[in-house]
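*Asks:* fold the following.
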Amino acid sequence: MNIVVYSNDKNTKITEELSSLDEFEIRYESPDKIQNYKDINAGVMILDIPVDKIKEVCAVTKFDASILAVVDDIPDITIRAISHDFIKKPVDSKELKARVEALSKAVLYKHSLSKVSI
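*Replies:* Numbers count the residues shown, from 1 in each chain. As a prediction, the model looks like this:
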């Protein structure tokens, strides 16, 4: 499964912290490319971008992926996705990995249910 980290910081530590998760392919993308998430088959999208940008993007798009938003404070926003979660800065490595694994399971379950219900 692809995990895509969208961040304005090309050298974000998030990609490095997730590199030990062997079952995932981790990649960085510029926030300008969020709308192209289907082209790279993103299963989990990590949004390490300002909350204003998260609100803007999530207001117009329903994502067929799970979203983990990296924030300073938990905002009161609606995220339309398979599943979503928030993690506060500074990011704890163990918590990050646990949340990514949980969100990836939600994607796998959703896709499994879609196949069964057809």
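*Asks:* ok, the residue nearest to residue 110 when sequence neighbours are not counted - contacts?
*Replies:* Among residues not flanking residue 110 along the chain, residue 82 sits closest, at 4.9 Å (C-beta to C-beta, 6 or more residues apart in numbering). All C-beta atoms are positioned from the backbone trio N, CA, C, and that covers glycine. Contacts for residue 82 were tallied using C-beta atoms under 8 Å, 6 or more residues apart in numbering; they are 63, 64, 65, 66, 106, 107, 110.
*Asks:* how close does the residue lying closest to residue 79 once chain neighbours are set aside get to residue 78?
*Replies:* Nearest residue to residue 79, sequence neighbours excluded (C-beta to C-beta, 6+ apart): residue 58, at 4.7 Å. From residue 58 across to residue 78, the span is 7 Å (C-beta to C-beta, to the nearest Å).
*Asks:* ok, the two, which is more surrounded?
*Replies:* Comparing residue 58 with residue 78 by other C-beta atoms under 10 Å, the one with more neighbours is residue 58, at 20 against 8.
*Asks:* check which helix or strand covers the more buried one.
*Replies:* If you go by DSSP states H and E, residue 58 is part of helix 51-60.
*Asks:* show the subsequent helix or strand relative to that helix.
*Replies:* As assigned by DSSP H and E, the chain's next helix or strand after helix 51-60 is strand 63-71.
*Asks:* what helices or strands is that next one leaning on?
*Replies:* Judged by 3 or more C-beta pairs under 8 Å, 6 or more residues apart in numbering; DSSP states H and E, strand 63-71 is in contact with strand 42-48, helix 51-60, strand 81-88, helix 93-116.
*Asks:* deepest in the core, which of those is it.
*Replies:* strand 42-48 (a mean of 25; mean count of other C-beta atoms under 10 Å).
*Asks:* for residue 55, see how far away the residue most central in space within the chain is.
*Replies:* Nearest to the geometric centre of the chain sits residue 45, at 2.2 Å (C-alpha atoms, centre = their mean). Distance, residue 45 to residue 55, by C-beta to C-beta: 15 Å.
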